[in-house]
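[1] here is my input; please provide its structure:
(chains A and B)
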Amino acid sequence: MNLNIQQLVGPVCMTSEDGEKLYAAYRPAFEKGETVELDFAGTRIFVSQFFNASVGQLLKDYDISEVQQRLKILNLPAAAIPLLKGSVENAQRYYRDPKFRESLDRVLSDQAVEA
Amino acid sequence: MLKLMVNTLNDGEPSYQQLFRLWREASGDEEVVEFDFTDCGFLKQNAVAFLGGLARLIQYRGGQVVFCWDTLKSAIHTNLAQNGFIGAFGGQLGPWSGNSIPFREDSTQEAHGFEDYLTCLWLGRGWVNVSPGLRDAIVGHMAEIYLNAFDHGQSPIGVFACGQHFPKKHELNLTIVDFGVGIPSNVRLFKASAFAPEQLRAAKCMEWAFQRGTSTKTGMGRGLGLDLLQDFVRQNGGRLEMFSHEGYALVAEGKVTFAERTSFFEGTLVNISLRCDEKYYCLASELNNEPIF
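    Modelled structure (predicted):
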């Protein structure tokens, strides 16, 4: 499967909503065992929130080696690479480290109570 | 009625102390709060963003805000008209383009609108010579600060911004401020399992938040998204500073420092000041791709 990100969400990759849209677009193919190509040609601006939703959450169900094998990132501007890498690294930590996950979840639940 | 005397406000420490004092003074439940500018000789963009947010905070708490426009000196009145501040608070003059980056208030997150604001009205106006790639990367990092304010800050009134280009000083400034819970609050909550919260001083919390990959947000890391910004500010000789609680972070003169201030502000304020010089700034990766001739 090949997805053109600019066509799907536009040239600006910022919001978690757009990230979820991308994730929903390729997840079924990935589950079937296909190789998925995400083509970022024509995209310009990136925020971690987008990568967290579009790529990071894949680490919940799949090992990093499988993601590296079957999720191909094409034409991503060089300045965005550290953001994507950081997103994937943090996702690995969150889904593999129970103490880290517990600390983060406590922040969210406390904020929800205060709200 | 509470009368707040707004003095001359620049972007040095004494001015921030004054701003945060105004925030403290307005934290009660006065029905009417009046902003008087009789003693004000100058209002820099950080003050404009902050005072706009403070006014909305007072209104959110049920108070009525009165700006004594007739106490403004003529030049300040013109500037506040130009950047849209007067128009936002009931004045009749609308903004027009010039050296101002408009006063902006987002009560709810408007990511794409803020990206347009940064690209078209701040960094994309040619005052700092940046390549399109670097411009987009910097805009992305500033947008991350904006999004973090909504996701982490819990501000009931959203996020405020204002900027200014000073051609004679060769300076381009932008301030983003929220009136939420502040960075140290979230860091202390996250670290509570390992440290007693009172051990985590605000400056240490800021230092932790600046580290790569740290985040208190469930699921994934975002940190403050400042790596590239820090590098660019260093190269440019500019200045990036952040205020939250008593914590203070400063990127300037090639280094990052963290300090504990004496005055407290519960929210978070980010101020970036860039030098408008003759240099052309681009990403290292863009240099590699440039044709030789």
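[2] for the helix or strand containing residue B:35, which strands pair with it and how are they oriented?
    Per DSSP states H and E, residue B:35 falls inside strand B:32-36. Applying DSSP bridges, strand B:32-36 is found paired with strand B:2-5 (parallel), strand B:64-67 (parallel).
[3] the helix or strand following the last one: how far from the chain's middle?
    Yep, that's strand B:64-67 we're talking about. Downstream of strand B:64-67, the next assigned helix or strand under DSSP H and E is helix B:74-82. Distance, stretch centre to chain centre, for helix B:74-82: 20 Å (Cα atoms, centre = their mean, to the nearest Å).
[4] any chance of the strands paired with strand B:32-36 in a markdown table, plus distance to residue A:71 and mean pLDDT?
    To be clear about C-beta, it is placed using only N, CA and C from the backbone, and glycine gets the same treatment. Shown next, in a markdown table, are the strands paired with strand B:32-36 (distance: least, Cβ to Cβ, whole Å; pLDDT from 0 to 100):
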| stretch | distance to residue A:71 | mean pLDDT |
| --- | --- | --- |
| strand B:2-5 | 55 | 94 |
| strand B:64-67 | 51 | 96 |
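[5] tell me which of those strands lies nearest to residue B:130.
    Proximity to residue B:130 (Cβ to Cβ) singles out strand B:64-67 among the strands paired with strand B:32-36, at 35.7 Å.
[6] the helix or strand encompassing residue B:165 to helix B:74-82, inter-axis angle?
    Using DSSP H and E, residue B:165 maps to strand B:159-166. For strand B:159-166 against helix B:74-82, the angle by axes from the mean of the first three to the mean of the last three Cα atoms, to 10 degrees is 130 degrees.
[7] the helix or strand following strand B:159-166: partners in the sheet, and parallel or antiparallel?
    The helix or strand immediately downstream of strand B:159-166 is strand B:171-178, counting by DSSP H and E. Note on strand B:171-178: by DSSP bridges, its sheet partners are strand B:159-166 (antiparallel), strand B:255-275 (antiparallel).
[8] looking at these, which is buried most?
    Highest mean neighbour count of the strands paired with strand B:171-178: strand B:159-166, a mean of 26 (counted as mean count of other Cβ atoms under 10 Å in any protein chain shown).
[9] re earlier: ok, of the strands paired with strand B:171-178, where does mean pLDDT dip lowest?
    With a mean of 92, strand B:255-275 has the lowest mean pLDDT of these.
[10] output that strand as PDB, nothing but the C-alphas.
    Output in PDB follows, covering the C-alpha atoms of strand B:255-275 (Å, rounded to 0.1, in the frame of the first residue of the first chain):
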ATOM      1  CA  LYS B 255      24.200  28.500  26.100                       C
ATOM      2  CA  VAL B 256      21.100  27.400  28.000                       C
ATOM      3  CA  THR B 257      20.700  28.500  31.600                       C
ATOM      4  CA  PHE B 258      18.000  27.700  34.200                       C
ATOM      5  CA  ALA B 259      17.200  29.900  37.200                       C
ATOM      6  CA  GLU B 260      14.800  30.300  40.000                       C
ATOM      7  CA  ARG B 261      13.200  33.700  40.000                       C
ATOM      8  CA  THR B 262      11.700  35.500  42.900                       C
ATOM      9  CA  SER B 263       8.300  36.300  41.400                       C
ATOM     10  CA  PHE B 264       5.700  33.700  40.500                       C
ATOM     11  CA  PHE B 265       3.500  33.300  37.400                       C
ATOM     12  CA  GLU B 266       1.300  30.200  37.300                       C
ATOM     13  CA  GLY B 267       1.100  30.000  33.500                       C
ATOM     14  CA  THR B 268       3.800  29.800  30.900                       C
ATOM     15  CA  LEU B 269       5.300  32.600  28.800                       C
ATOM     16  CA  VAL B 270       7.700  32.000  25.900                       C
ATOM     17  CA  ASN B 271       9.500  34.900  24.300                       C
ATOM     18  CA  ILE B 272      11.700  34.600  21.200                       C
ATOM     19  CA  SER B 273      13.800  37.400  19.900                       C
ATOM     20  CA  LEU B 274      15.600  37.000  16.600                       C
ATOM     21  CA  ARG B 275      18.300  39.200  15.100                       C
END
